[in-house]
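> Sequence plus predicted model, see below.
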Amino acid sequence: MSLVRLCQLDEVPVYGGMAALVEGRQLALFNLPDLGYFALDNWDPLGQAQVLSRGILGDIKGEPCVASPLYKHHYSLKDGRCLEQQDTAVQVWPVIARDGQLWLAQ
């Protein structure tokens, strides 16, 4: 397993998100203090734009998710599936918080 440094932990807003560019791919990074850090593709497949990092965090029936700012579809932070359209999903990326840094595990 190789690690790619994404950012400092304190750069990811608490209960918020930010975008990161990794090898030409945009990722949406999220910080939920009670659950940890999450990384998804920033691409909203329904809205056809790189916007998920600007979405609103919450949960639906206990499932942590981000609501796209475009059409308000919810994507699971755990597995990337769209909660409204089961045939739609975004890629989820494993991240590790270590030594004050957030790392992408590849």
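Cool, the structure landed.
> And Pro33, how far from Tyr15?
From Pro33 across to Tyr15, the span is 7 Å (C-beta to C-beta, to the nearest Å). Any C-beta I mention is one placed from the backbone N, CA and C, and that applies to glycine too.
> Comparing these two, which shows the higher neighbour count?
With neighbours defined as other C-beta atoms under 10 Å, Pro33 and Tyr15 compare such that Tyr15 has more, 12 against 8.
> Once you drop chain neighbours, what's closest to the more buried one?
Among residues not flanking Tyr15 along the chain, Leu57 sits closest, at 5.8 Å (C-beta to C-beta, 6 or more residues apart in numbering).
> can I get the CA coordinates of the helix or strand hosting the one you found in CSV?
Element membership of Leu57 [criterion: DSSP states H and E] is strand 56-60. Only the C-alpha atoms of strand 56-60 are listed here, as CSV (Å, rounded to 0.1, in the frame of the first residue of the first chain):
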residue,chain,number,x,y,z
ILE,A,56,-24.2,19.7,2.9
LEU,A,57,-23.2,16.9,5.4
GLY,A,58,-25.8,15.0,7.3
ASP,A,59,-27.3,11.6,7.7
ILE,A,60,-30.4,9.7,6.5
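> can you list contacts of it?
Here strand 56-60 makes contact (C-beta atoms under 8 Å, 6 or more residues apart in numbering) with 15-17, 30, 32, 64-67, 69, 74, 77, 83.
> Are any of those buried, and if so which?
Neighbour counting by 16 or more other C-beta atoms under 10 Å classes Gly17, Phe30, Leu32, Pro64, Cys65, Val66, Ala67, His74, Leu77 among the contacts of strand 56-60 as buried.
> wait, is Ser53 part of a helix?
Yes - counting by DSSP: H, G, I helix; E, B strand; the rest coil, Ser53 is found in a helix.
> separation between it and Leu27?
For Ser53, the distance to Leu27 (C-beta to C-beta) stands at 8 Å.
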